[in-house]
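S.K.: Have a look; sequence and predicted model below, questions after that.
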Amino acid sequence: MKKYLIGTALLVALTAAPARADWLFTPSIGSTFGADTNGREHFTYGTAIGWMGAGIFGWEADFSFTPEFFEGNDDDIDFDGGSNVVTAMGNAIIGVPIGGQRDAGFRPYLTGGLGMLQTEARSNDDLFHVDNSEFGFNLGAGALGFFTDHVGIRGDVRYLRSFVDPDEDNEFDINVGNFDYWRAAGGVTFRW
């Protein structure tokens with residue numbers, strides 16, 4: 001009898017489901033608001049690819065493009081205009097899977113990271129043109145909700161801000177810059 005119990009326990013241990021990690025891909029659309037948007041919300045779109053471990057920790061690469069950021073509100077969006085903001089951020093994610101990591105489930109999360117904010121502002125006649133790249137950071141919160149094992153939705157709100165350029169004396173200083181705004185975005189998430 002003892003051999004059967006040991007054999008059964010060994011069989012269960014060897015066939016137990018392995019800890020699962022998820023790759024996530026999310027194309028998204030949204031809007032900017034607050035701070036340097038000066039009361040003018042602007043359409044923004046982007047994508048994020050990330051990885052969530054079997055626990056609560058993960059990472060993501062988040063990219064977004066906001067056309068006409070420094071222009072007033074208008075009804076048509078110029079995707080190749082000269083007034084835009086591009087962000088590329090590497091983020092850590094802390095999110096608790098509620099309902100597990102298979103099939104339907106829900107995962108609220110916090111995220112934050114560092115990367116680049118690239119701004120470009122250009123007048124219509126090209127007389128005025130500023131192109132600036134700065135290091136920056138973002139902090140946010142959101143949620144992932146899955147309907148099936150592979151498809152769900154994601155939404156979050158993030159605060160983005162630049163760092164100031166290093167001093168002329170090349171000392172290592174970390175100070176926040178003047179450029180900042182909020183972004184709310186959502187999209188369909190694919191999980192594998």
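M.R.: Nice, I can see it. Numbering: from 1, shown residues only.
S.K.: so who does the most centrally placed residue in the chain touch?
M.R.: Centroid check for the chain by Cα atoms, centre = their mean gives residue 62 as the closest residue, at 4.2 Å. Contact analysis of residue 62 by Cβ atoms under 8 Å, 6 or more residues apart in numbering lists 46, 47, 48, 87, 88, 89, 90, 91, 113, 115, 138. To be clear about C-beta, it is placed using only N, CA and C from the backbone, and glycine gets the same treatment.
S.K.: got the contact list for the last one?
M.R.: In this case it means residue 138. Here residue 138 is in contact with 62, 87, 89, 91, 111, 112, 113, 115, 158, 159, 160, 161 (Cβ under 8 Å, 6+ apart).
S.K.: Please identify which helix or strand holds it.
M.R.: Using DSSP states H and E, residue 138 sits within strand 129-146.
S.K.: And for the fourth one?
M.R.: Using DSSP H and E, the element containing residue 87 is strand 84-95.
S.K.: and if you look at the first one?
M.R.: Element membership for residue 46 (DSSP H and E) is strand 42-52.
S.K.: Other residues contacting that strand?
M.R.: By Cβ under 8 Å, 6+ apart, strand 42-52 touches 21-32, 58-69, 73, 77, 87, 91, 93, 95, 97, 101, 107, 183, 185.
S.K.: Give me the next element, helix or strand, following that strand.
M.R.: strand 57-67.
S.K.: Now for residue 179: which residues touch it?
M.R.: Residue 179 touches 36, 117, 119, 134, 136, 161, 162, counting by Cβ under 8 Å, 6+ apart.
S.K.: please redo it, this time with the cut-off set to 10 Å
M.R.: By Cβ atoms under 10 Å, 6 or more residues apart in numbering, the residues touching residue 179 are 35-36, 85, 117, 119, 132, 134, 136, 160-164.
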